[in-house]
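Undergrad: Take this sequence and fold it.
(2 chains)
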Amino acid sequence: MSSKMQSSSSIVQARRTVQQLRIEASIERIKVSKASSELMRYCGEHAKNDPLLMGIPASENPFKDKKPCTVL
Amino acid sequence: MAAEKAEMDALKKECDGLRAQIEAARKAVNDGSMSAASSGVASVGRVQLKLRKTLKGHLAKIYAMHWSADSRQMVSASQDGKLLIWDCFTGNKLIAVPLKSAWVMSVAFAPSGNLVASGGLDNICTVYNIKAASPKTLRELDAHTGYLSCCRFLSDTEILTASGDTTCCLWDLETGKQKVIFTNHIGDCMSLALSPDTNTFISGACDSLAKLWDLREGACKQTFSGHTSDINAISFFPNGNAIITGSDDCQCKMYDLRADQEVICYQDTSLNAGVTSLALSSSGRLIFAGYDDFNCHIWDSLKGEKVGVLSGHDNRVSCTGVPADGMGVCTGSWDSFLKLWN
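TA: Below is the predicted model:
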């Protein structure tokens, strides 16, 4: 590749980087405190339906091996 | 030549200016840490899950697993050259799919349950119809110039892939052609995750960056930095507003999409192993992260504390998954076994 082509492709690359950074710079941001409280609220609202948090009764556990019962 | 140099200098100056602008904007909204905000939240206590089943059948390292949308079937991929589809309620193997190339790195279940896909060092994503009398190759998606690290179905007609060639790609399964190519990473793409609303996806790469993409436009919307090594695992928080990453730098991080920055880091001085995989419980409160230290450590996503561990594998935990109904965790390992915990 001639050095002229090399510098052209660097320019193309640099233009793309600038374009990408312009997109990323332009977004609206919310405060971290607001973001945190919404994540906390989501967890709080859904905790009671989270089987791994609440525990699963043996009778409803799909992965638990059912052992045969013997009547003594 | 002089004109080009002048343009390069101007572009570089604009880049530096834009980066500084982004950092300043992030700092301006950084009005408090998540761990401080969550200090008032009740602790989850010690999370002690029991091993319910060990699934034996693979003859070599397991590299990937993915739950079916029915939360009952699961597909696993091993470098023994097979995909196995399991009924996790009984522990039975339902279907074995022999692979053309044994060097598999990723596997996915279509939401319909009709198709599975896999790929790896062959650079190809192969899609199989598993509802046929015996598994039939539906498509071979062959355009990546690097290994296939991750694949995820949007439906029976579209699939997303991530590759060591640094790109991600959306494919049309009806034509077998690429629909959209996502280029912006400067390192191998290692993992991807679809947003709950399927309008966007996130990718993690060896350039230590996570990127958020618009699925239809093909544009990179946001870039998240902070990790100091390859990002191997990535997932959305269930409401789609935050992402969790796991890296070879031994840390996991949560980035909030709307604050456009890292809000909490999950690290422990005693943990000196890279993160290979991660999955969240259904409320998002627990993060199950697989590590090179043979364990899956459990983190409180809000408080940033380690709250439990799933121990039992005899080699690296390479893949982790929680089914849609949240009823358990599956870990897969280089020890050739999968384990189900809840």
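
Undergrad: When you work out contacts or count neighbours from here on, use the C-alpha atoms and nothing else.
TA: OK.

Undergrad: Can you tell me the closest non-neighbouring residue to residue B:104?
TA: Of all residues not flanking residue B:104 in the chain, residue B:120 sits nearest, at 4.2 Å (CA to CA, 6 or more residues apart in numbering or on different chains).

Undergrad: isn't that neighbour right up against residue B:107?
TA: No: counting by CA atoms under 8 Å, residue B:120 does not reach residue B:107; the two are 9.1 Å apart.

Undergrad: more neighbours, these two?
TA: Shown here are residue B:120 and residue B:107; by other CA atoms under 10 Å in any protein chain shown, residue B:107 has more neighbours (28 against 25).

Undergrad: Need the contact partners of the worst-scoring helix or strand of chain A on mean pLDDT.
TA: Across the helices and strands of chain A, mean pLDDT, DSSP states H and E gives its lowest value to helix A:3-25, namely a mean of 86. Residues outside helix A:3-25 that contact it (CA atoms under 8 Å, 6 or more residues apart in numbering or on different chains) are B:1, B:4, B:7-8, B:11-12, B:14-15, B:18-19, B:21-22, B:220-223.

Undergrad: What of stretch B:213-223?
TA: In contact with stretch B:213-223 (CA under 8 Å, 6+ apart) are residues A:20, A:23-24, B:170, B:180-182, B:184, B:198-202, B:209-212, B:260.

Undergrad: Try it again at 7 Å.
TA: Stretch B:213-223 has contacts (CA atoms under 7 Å, 6 or more residues apart in numbering or on different chains) with A:23-24, B:180-182, B:199-202, B:209-212.

Undergrad: got it, and stretch B:18-35?
TA: By CA under 7 Å, 6+ apart, stretch B:18-35 touches A:21-22, A:25, A:30-33, A:36, B:259-261, B:263-264, B:302-304.

Undergrad: how much space between residue B:312 and chain A?
TA: As judged by CA to the nearest CA, to the nearest Å, residue B:312 and chain A stand 17 Å apart.

Undergrad: Wasn't that residue part of a helix?
TA: No: counting by DSSP: H, G, I helix; E, B strand; the rest coil, residue B:312 is not part of a helix but coil.

Undergrad: Kindly report the residues of chain B close to chain A.
TA: Listed as neighbours of chain A in chain B under the rule CA under 7 Å from any CA of the partner chain: B:8, B:11, B:14-15, B:18, B:21-22, B:29-32, B:34, B:37, B:52, B:88-89, B:221-222, B:256, B:258-260, B:281-285, B:302, B:326-328, B:342.

Undergrad: what about burial for the residues you listed, which qualify?
TA: With burial judged by 16 or more other CA atoms under 10 Å in any protein chain shown, the buried subset of the residues of chain B next to chain A is B:8, B:11, B:14-15, B:18, B:21-22, B:29-30, B:34, B:37, B:52, B:88-89, B:221-222, B:256, B:258-260, B:281-285, B:302, B:326-328, B:342.

Undergrad: Strands - which of these land there?
TA: B:52, B:221, B:222, B:256 (DSSP state E).

Undergrad: my read: residue B:335 touches residue B:317, true?
TA: No: using CA atoms under 7 Å, residue B:335 is not in contact with residue B:317, being 8.3 Å away.

Undergrad: more crowded one of the two?
TA: The neighbour count for residue B:335 versus residue B:317, taken as other CA under 10 Å, is higher for residue B:317 (32 against 18).

Undergrad: give me the beta-bridge partners of that one?
TA: Legend: beta-bridge partners of residue B:317 under DSSP bridges are residue B:333.

Undergrad: Helices of the stretch 51-200 of chain B, start to end?
TA: Read by DSSP state H, counting those that start in this stretch, the stretch 51-200 of chain B holds no helices at all.

Undergrad: Now do residue B:296 against chain A, distance only.
TA: For residue B:296, the distance to chain A - CA to the nearest CA - is 15 Å.

Undergrad: quick one: contacts for the closest residue to that residue other than its chain neighbours?
TA: Nearest residue to residue B:296 in three dimensions, chain neighbours excluded: residue B:290, at 4.2 Å (CA to CA, 6+ apart). Neighbour list for residue B:290: B:275, B:276, B:277, B:278, B:296, B:297, B:317, B:318, B:319, B:320 [criterion: CA under 7 Å, 6+ apart].

Undergrad: Next step: these restricted to strands.
TA: Checked against DSSP E, the contacts of residue B:290 include these in strands: B:275, B:276, B:277, B:278, B:296, B:297, B:317, B:318, B:319, B:320.

Undergrad: Would you agree the third one is in contact with residue B:320?
TA: Just to be clear, that refers to residue B:277. Yes: look at residue B:277 against residue B:320 with CA under 7 Å: they come within range, at 5.7 Å.
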